[in-house]
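Chemist: sequence and predicted model, in that order:
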Amino acid sequence: MANAKIIGLGSYIPEKVYDNAYMESIVDTNDEWITRRTGIKERHVSADDEYTTDIAVKAAEEAIKDAGISPEDIDLILLATVTPDYFTPSCACVVQDKIGAVNAMAMDYNAACSGFVVGVIMADQFITTGTYKNVLIIAADVLTKATDYKDRATCVLFGDAAGAAVMTATDEPGVISFDMGSDGSGHNALTSLAFRNDSEEIEKRIDGRKETIWMAGQAVMKFAVKAMADSSNRALEKAGLTYDDIALVVPHQANYRIVDSAIKRMGISEDKIILTIDKYGNTSASCIPVAFNEAVKTGRVKKGDKVVLVGFGSGLTYAACVIQL
Ligand code: COA
């Protein structure tokens, strides 16, 4: 059986910036609180007419170029999002059309902020069984379009971005091991409503919009620290490796304090991780590919290095994988 390896990465960050001074001007907050409680200084915001498929295309095109393949070579497009342009068609089909991946099957899926890592794991299944050769994974969200800018507890956290990876069948080592899971008993901890007319849920939202993100921050935080550390530890154990073998851990960037507590539980120090939270905030599933792309393109990791990607998200979900570059 072939191995599945990431051979190309891409990302896209919208131009417009909301810094902490801007957040101070719209809600009762301040730079000191946001920095101390979250680590966030700035977040990027999509233009009014810029949607998930628009930013997904940009990240996908960079990843395909980086991989040195043609769009026609892609067999499958997996797109992780919680802010789709449409309920149907999928964003993946729109992206397929725009990038010219005419031979691909394309679909969206929702594992919230764990979505990119789950995509790598799903692609690994299709590739190692010999079903597909090239899989494009995209994580793209415009969370700011579902953000309640009257709710200071959530609006300071979110930004928009897209990240993408091309995975291919190869004899070289690629995905070494993974761990993933869900705890649906926490499904009420972070919500955004579609059709459901749940008056209790709608009343929680200051702006009264159903699709706005509402979150029980403390509950999510408690889940996140344990889920990320334990999932990463289990993936490493399955690989027969320890953190000493790992060049870099790329964690989901929801809150600096979550990452800090999770790495303490893993028993590693901050020099083994990459942090982008200060620049972009929480951009959902794209946090991991955006940070990973930055680590690769700036030379922080090189070919042959082993890396852990680990995330958690609404659902509640978590996923980790150990890969070799
Ligand atoms: N500015 C100033 N004060 C704020 C504030 C803001 N932006 N947001 C909340 N506060 C206030 C609260 O109203 C509360 O005030 P009170 O003590 O007078 O009631 C106080 O700060 C503490 O609030 P609390 O919710 O306990 O803070 P916290 O330390 O839990 O931090 C979060 C809040 C949201 C930053 C944190 O819970 C978090 O990051 N949770 C996880 C979020 C996450 O990961 N989500 C995405 C999952 S993918």
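Modeler: Now that the structure is in, tell me what you want to look at. All figures in this text were calculated on a predicted structure; none of them were measured in a lab. Numbering: from 1, shown residues only.
Chemist: the closest residue to the ligand within the stretch 1-150 of the chain: neighbour count?
Modeler: Of all residues in the stretch 1-150 of the chain, Thr29 sits closest to the ligand, with a separation of 3.3 Å (C-beta to the nearest ligand atom). In short, each C-beta sits where N, CA and C put it, glycine included. Other residues within reach of Thr29, judged by other C-beta atoms under 10 Å, total 17.
Chemist: that one against Met23, yeah?
Modeler: Yes - contact between Thr29 and Met23 holds when scored by C-beta atoms under 8 Å: they sit 5.6 Å apart.
Chemist: bridged to Ile138, which residues?
Modeler: Residues found in beta-bridge contact with Ile138 (criterion: DSSP bridges) are Leu79, Ala164.
Chemist: can you pull the pLDDT of it?
Modeler: With respect to pLDDT, Ile138 has a value of 98.
Chemist: and what of Ala63?
Modeler: Reading off the model, Ala63 has pLDDT 98.
Chemist: and it, which of the three is it?
Modeler: With DSSP: H, G, I helix; E, B strand; the rest coil as the basis, the three-state label of Ala63 is helix.
Chemist: so what's it closest to, chain neighbours aside?
Modeler: Of all residues not flanking Ala63 in the chain, Gly10 sits nearest, at 3.4 Å (C-beta to C-beta, 6 or more residues apart in numbering).
Chemist: so the one you found touches Asp66, yeah?
Modeler: Yes - the pair Gly10 and Asp66 passes the contact test of C-beta under 8 Å, sitting 6.0 Å apart.
Chemist: in terms of neighbours, single out the busier of those two.
Modeler: A side-by-side neighbour count of Gly10 and Asp66, using other C-beta under 10 Å, places Gly10 first with 25 against 19.
Chemist: ok, which residues in this protein are in contact with the ligand?
Modeler: With C-beta under 6 Å from any ligand atom as the criterion, the chain comes near the ligand at residues 29, 33-34, 37-38, 113, 152-153, 156, 190, 215, 217-218, 220-221, 224, 254-255, 258, 282, 313.
Chemist: redo that, cut-off 5 Å
Modeler: For the chain, the residues in contact with the ligand under the definition C-beta under 5 Å from any ligand atom are 29, 33, 37-38, 113, 152-153, 156, 217-218, 220-221, 254-255, 313.
Chemist: neighbour-wise, which one of these leads?
Modeler: The most crowded member of these is Cys113, carrying 32 neighbours; neighbours defined as other C-beta under 10 Å.
Chemist: Provide a list of residues in contact with the nearest residue to it once chain neighbours are set aside.
Modeler: What sits nearest to Cys113 in space, not counting adjacent residues and going by C-beta to C-beta, 6+ apart, is Gly313, at 3.0 Å. When contacts are counted by C-beta atoms under 8 Å, 6 or more residues apart in numbering, Gly313 touches 111-115, 190, 252, 284-285.
Chemist: grab the nearest non-local neighbour of the closest residue to the ligand within the stretch 151-300 of the chain.
Modeler: When you check the stretch 151-300 of the chain against the ligand by C-beta to the nearest ligand atom, the closest residue turns out to be Gly217, at 2.7 Å. The spatial neighbour of Gly217 that comes closest, neighbours along the chain excluded (C-beta to C-beta, 6+ apart), is Ala153 at 6.0 Å.
Chemist: what of Val175?
Modeler: Asp124 (4.3 Å).
Chemist: checking my notes, that neighbour in a helix, right?
Modeler: Yes - under the criterion used here (three-state DSSP), Asp124 sits inside a helix.
Chemist: mind starting the numbering at 46 from now?
Modeler: With 46 as the first residue, the last one maps to Asp169.
Chemist: tell me the secondary structure of Gly344, please.
Modeler: Look at Gly344: counting by three-state DSSP, its state is coil.
Chemist: many thanks, have a good one.
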